[in-house]
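*Asks:* Provide a 3D model corresponding to the input given below.
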Amino acid sequence: MPSIYDLLHQDHEKVKRALDRILDTTDGAEKTREKLFSEIRHDLELHTRFEEDVFYPQFRDASEDDDADDEVEDALEEHAEAKDMLEKLSAMDKTSEEFVETVEELKQALEHHISDEEEEMFPQARKALDEDTARQMGDRYQQMKQG
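*Replies:* Prediction:
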C-alpha cells in the first residue's frame, strides 16, 4: 500500500503535466483545453478537499513542531488562491490569451505550493505521523478517489 506522501506526490506530478499540456496547445485546441482543464479541476478539488479535511488536521494534531500551524495556514491560503483561479478559468473562453496567461499563473502558484509541501511539510509530517497512519491515510485517499 502506498503512503499518503506517494499518492499526493503522484497527484502533484499529474497536475503539473496536465498544465504543461494545456500550455503546449494552440488557440484552436478548445476541446483539448476544455478536457484537460476539467481533469485538472476535478483532480485539484479532490486533492485539496482530502488535504484540508484529513491530512492537514492530522499533521497539525500530531506535530509537536510550532511551524506546523504556520505550514498548514500557508497551505490553506495557497489552496484558496488556486480555487479562485480555477473559478476564473472556468468562466473564461478557453481559446483566449487571458486563459493561457491565467493557466500560467496557476501553474506557478501550484509549483510554489507543491515545493512548500514536498520540501517542508512532508518531511515534518513524516516525523510526526507514523508509517501506519500514513498508509491508512493513503488507503482512505484512494477510496475517496474511487467513490
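*Asks:* From the rest of the structure, what touches the helix or strand Asp20 falls within?
*Replies:* Element membership of Asp20 [criterion: DSSP states H and E] is helix 4-23. If you take Cβ atoms under 8 Å, 6 or more residues apart in numbering as the criterion, helix 4-23 is touched by 32-33, 36-37, 39-40, 43-44, 47, 51, 55, 100, 103-104, 106-107, 110-111, 114, 117-118, 122, 125-126, 134-135, 137-138, 141-142. Yep, even glycine has a C-beta here, placed from its N, CA and C like the rest.
*Asks:* Now Asp93: phi and psi?
*Replies:* The phi/psi pair for Asp93 (degrees, to the nearest 10) reads phi -70, psi 120.
*Asks:* State the distance from the nearest residue to it once chain neighbours are set aside to Lys14.
*Replies:* Using Cβ to Cβ, 6 or more residues apart in numbering and skipping residues adjacent in sequence, the residue nearest Asp93 is Phe99, 6.3 Å away. Distance of Phe99 to Lys14, given as Cβ to Cβ, to the nearest Å: 21 Å.
*Asks:* And the contacts of stretch 53-61?
*Replies:* Identification of contacts with stretch 53-61 by Cβ under 8 Å, 6+ apart yields 4, 8, 68-69, 71-72, 75-76, 121, 124-125, 128-129, 133, 137, 140-141.
*Asks:* List the buried residues for the helix ranked longest in the chain?
*Replies:* Longest helix in the chain, counting residues (DSSP state H): helix 67-91. For helix 67-91, the neighbour count (16 or more other Cβ atoms under 10 Å) marks 68, 71-72, 74-75, 78-79, 81-82, 85-86, 89 as buried.
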